[in-house]
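>>> After the sequence you'll find the predicted model.
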Amino acid sequence: MQLVINTYGAYLRKSGNCFLVKRDDKSFEVAVNKVNSILITTAAYITTDAIKLAVDNNIDIVFLDAHGDPYGRVWHPKLGSTTLIRRRQLEIYETLDGLNLAKEWGLKKLDNQIELLVRLKKTRVETRDELDRYIEDIEHSREKMKRLRGTIEARRQDMLGLEGMAARTYFEALSSIMPEKYRFAGRSRNPAKDEFNALLNYGYGVLYSLMEKGCIIAGLDPYLGFLHSDSYNKKSLVFDIIEMFRIYVDETVVYLFSRRMVKDEFFEPLEQGMGLSKDGKAALIEALNKTLEETIVYRGRNVKTRNTIQMECHRIANGLIRPGQELPDDFDLDILESEEYKGRQTEPDAK
């Protein structure tokens, strides 16, 4: 579970082998083995013994700003795995393998968008034809992306152009099925210009923290990306791989609106835009955690949605040092973050 601290002035400390949270005149304890990350979204107090308990148990502490973007994290100082993985990230960048990896992530993103619109279409007879047209447009972009050949440097703008075109179509489609009050004019990032994007931005922020953690544990360098270009302190690989998983947030936000669970008090004005209130953050995180705890079929296996992120990071890392090798059949999903697994799966074979 994610332990979320979103009450101003809350206090987090260690109590035996538990985290103790105090807010106002209330307190509760959570056993350390039930926590996989701690999110702090407001001004709060945290003791050094609580930090050490988290570090000792491979639990990251992530600090989110008003938009949901991580602005800091506490994490142990060890490399996730062998530096050979990082070397291979650099080596394949200028090859067809590098482009194919980026294409795999981009195509999966478009597949997810198409799949969600197909599901939404089934319960919306009045907009079925319109949604069909949106789906066809995204499929057209997908086919063009699939045919790209060459290197990342040669095809980056083509990839970004096709992805951007599909994204505009996708969000126009989502807006069309929103309640009239909550329709929006495309994507708007920090700050959001509307309620849909305020929820989406905050959800993506939570997802970024999970994605970065997945990269680190698998031994991938979050800063060595493929499609997203290098920039100072830019976690390019996180932005690359997260494209496959944005659907978890998209679907959560869409269903909050379609089930009439969104309330006006979820939002508050920000300078030149809109953000989430404490109630809005709490409602979104609760809904997103529910999504992440669901069991889905992923690459032929029944997996908790949350674990697909770590699985994919390990699969990418294994593929870099052992091309063509999938995760082993005896892969234990319950020890994804264990030191034993990290050492056993991502070290190269002895020569």
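Received the coordinates, thanks.

>>> So for stretch 170-181, what gets flagged as buried?
Along stretch 170-181, these residues count as buried under the neighbour rule (16 or more other Cβ atoms under 10 Å): Tyr170, Phe171, Glu172, Ala173, Leu174, Ile177, Met178. Every C-beta, even on glycine, is put in place using the N, C-alpha and C of the backbone.

>>> Quickly find the element holding Val4.
Val4 is located in strand 2-5, with elements delineated by DSSP states H and E.

>>> Which strands border that strand, and is each parallel or antiparallel?
If you go by DSSP bridges, strand 2-5 pairs up with strand 37-40 (parallel).

>>> roughly how far out does the strand it pairs with sit from the chain middle?
Computed by Cα atoms, centre = their mean, to the nearest Å, the chain-centroid distance of strand 37-40 equals 15 Å.

>>> so what's the backbone phi/psi at the nearest residue to Leu220 once chain neighbours are set aside?
Among residues not flanking Leu220 along the chain, Ala317 sits closest, at 5.5 Å (Cβ to Cβ, 6 or more residues apart in numbering). The phi/psi pair for Ala317 (degrees, to the nearest 10) reads phi -60, psi -40.

>>> Then Asp24?
The phi/psi pair for Asp24 (degrees, to the nearest 10) reads phi 50, psi -120.

>>> Do I have it right that it meets Tyr8?
No: Asp24 lies out of contact with Tyr8 (Cβ atoms under 8 Å); the separation is 9.9 Å.

>>> still on that earlier bit, nearest to Leu101, of the buried residues of stretch 170-181?
Minimum distance to Leu101 across the buried residues of stretch 170-181 is 22.4 Å, recorded for Tyr170 (Cβ to Cβ).

>>> what's the burial count for the closest residue to Leu39 other than its chain neighbours?
Nearest non-adjacent residue to Leu39, counting by Cβ to Cβ, 6+ apart: Val4, 4.7 Å away. Counted by other Cβ atoms under 10 Å, the residues lying close to Val4 total 21.

>>> isn't Val4 right up against Ser37?
No: using Cβ under 8 Å, Val4 makes no contact with Ser37, being 9.3 Å away.

>>> just for the stretch 251-351 of the chain, where's the confidence low?
324-351 (pLDDT under 70).

>>> One more pass at 90, please.
270-272, 298-301, 321-351 (pLDDT under 90).

>>> And the helices in it?
278-293, 305-321, 339-346 (DSSP state H, counting those that start in this stretch).

>>> Include distance to Asp137 when you put the ones you listed into JSON lines, please.
Shown next, in JSON lines, are the helices of the stretch 251-351 of the chain (distance: least, Cβ to Cβ, whole Å):
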{"stretch": "helix 278-293", "distance to Asp137": "27"}
{"stretch": "helix 305-321", "distance to Asp137": "27"}
{"stretch": "helix 339-346", "distance to Asp137": "40"}
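
>>> Check the contact between Asn112 and Ile242; I expect there is one.
No: using Cβ under 8 Å, Asn112 is not in contact with Ile242, being 11.9 Å away.

>>> more neighbours, these two?
More crowded of Asn112 and Ile242, by other Cβ under 10 Å: Ile242, with 23 against 19.

>>> can I assume the more buried one is in contact with Tyr208?
Yes: look at Ile242 against Tyr208 with Cβ under 8 Å: they come within range, at 6.5 Å.

>>> Give me the more crowded residue out of Asp24 and Tyr8.
Under the criterion of other Cβ under 10 Å, the comparison of Asp24 against Tyr8 puts Tyr8 first, with 12 against 9.

>>> Give me the pLDDT for that one.
At Tyr8, the model reports a pLDDT of 84.

>>> Tell me how far it lies from Thr41.
According to Cβ to Cβ, to the nearest Å, Tyr8 and Thr41 sit 10 Å apart.

>>> Can you pull the residues that touch both of the two?
Among the neighbours of Tyr8, none is also in contact with Thr41 (Cβ atoms under 8 Å, 6 or more residues apart in numbering).

>>> Now do the helices in the stretch 1-150 of the chain.
Using DSSP H, counting those that start in this stretch, helices in the stretch 1-150 of the chain cover 48-56, 84-92, 96-122, 128-146.

>>> so can I have TSV of those showing mean pLDDT and distance to Ala283?
Below are those laid out as TSV (pLDDT from 0 to 100; distance: least, Cβ to Cβ, whole Å):
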stretch	mean pLDDT	distance to Ala283
helix 48-56	91	25
helix 84-92	91	38
helix 96-122	96	21
helix 128-146	97	27
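
>>> how about these in TSV, adding distance to Gly300?
Converted to TSV, the helices of the stretch 1-150 of the chain look like this (distance: least, Cβ to Cβ, whole Å):
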stretch	distance to Gly300
helix 48-56	34
helix 84-92	24
helix 96-122	15
helix 128-146	22
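
>>> who wins for proximity to Val253 among those?
helix 96-122 (11.1 Å).

>>> hang on, the earlier thing: got a list of what the residue nearest to Leu39 touches?
Ile38, Leu39, Thr41, Ala282, Ile285.

>>> Sounds good, over and out.
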